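In: The sequence and its predicted three-dimensional model are supplied below.
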Amino acid sequence: MLTIAVFSFVAIYVFASSRVHDRNVIYYSLAERGWWYLVFSLILMIVLHDAYFYWTHRLMHLPYFFRPIHRTHHRSRMPTAWAAYEFSPAEALVQALFFPLFTWWFPIYWLVFLIFLVHMIFRVIQIHSGVEWMPRRVIDQPILNLLTTTTHHDLHHRRMAGNYGLYFTWWDRLMGTELPDYRVEFLRYAGGSSSRQTLVADGKKQVA
């Protein structure tokens, strides 16, 4: 509920600032910038949000920041969808600040903002769901393999390090932070009839 409050406050600020300041960060007429900019801004917003999340996430794993900011989220060693937005108020603010930062430099159509929010919420819940949604063949496909999976992020929670990406795997691979056994673990869980039970059982073994 605290996370919802923080995100809502920032979203209200973003929309309200369009009416208070001369800079129109949210626009309501599609003709103002056209379809090409609408598509471009949506793709750019998703790609830059992934980069923002990766680097702020890595920063929050430094010892100085982990306990006061990020520890709340990592209380879920075997995350479920309910853990997706289980943030401390400080972490919620860090993540929510992406929206005013992006829209200040790249004004967006109001519908793009809503589409982005739906995409963000769906993907965050997906990777915290504890159920592997992706089929086994994804791991060997050069394009789909760039998407993060439930296993990818679940390993992050279980190991407390590595696999920092949100939507895509390219930052982890570029920076050498993808866990080396990700492929093996993904193939172990993907397409199984009891993926969640396996994750839970493994988590209990680690705790024990």
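Out: Ah, there it is. Source: prediction; values computed, not measured.
In: who touches stretch 3-21?
Out: Residues from elsewhere that reach stretch 3-21, judged by CB atoms under 8 Å, 6 or more residues apart in numbering: 23-27, 85-87, 89, 92-93, 95-97, 99-100, 103, 113. For glycine as for every other residue, the C-beta is placed from the backbone atoms N, C-alpha and C.
In: which residues of this structure fall in helices?
Out: Per DSSP state H, the chain carries helices over the ranges 2-20, 34-60, 63-65, 89-96, 98-105, 110-127, 150-159, 170-175, 182-189, 195-207.
In: most packed of those helices?
Out: Stretch with highest mean neighbour count among the helices of the chain: helix 150-159 (a mean of 22; mean count of other CB atoms under 10 Å).
In: which helices and strands does that helix pack with?
Out: Other helices and strands packing on helix 150-159, by 3 or more CB pairs under 8 Å, 6 or more residues apart in numbering; DSSP states H and E, are helix 110-127, helix 182-189, helix 195-207.
In: Return the distance of the first one from the chain's centre.
Out: This points to helix 110-127. Between the centre of helix 110-127 and the centre of its chain there are 10 Å (CA atoms, centre = their mean, to the nearest Å).
In: Likewise for stretch 60-71?
Out: 18 Å.
In: for stretch 51-61, same thing?
Out: 10 Å.
In: who's in contact with it?
Out: Taking CB under 8 Å, 6+ apart as the rule, stretch 51-61 contacts 65-66, 69-70, 91, 94-95, 98, 101, 160-161, 164-167, 171-172, 177.
In: Switch the helices of the chain over to CSV; also include mean pLDDT and distance to residue 133.
Out: What follows is the helices of the chain, written out as CSV (pLDDT from 0 to 100; distance: least, CB to CB, whole Å):
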stretch, mean pLDDT, distance to residue 133
helix 2-20, 83, 23
helix 34-60, 97, 18
helix 63-65, 93, 31
helix 89-96, 94, 23
helix 98-105, 92, 25
helix 110-127, 94, 6
helix 150-159, 92, 6
helix 170-175, 97, 19
helix 182-189, 90, 10
helix 195-207, 50, 9
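In: And the ones you listed: which comes nearest residue 137?
Out: Using CB to CB as the measure, helix 182-189 is the one of the helices of the chain that comes nearest residue 137, at 10.3 Å.
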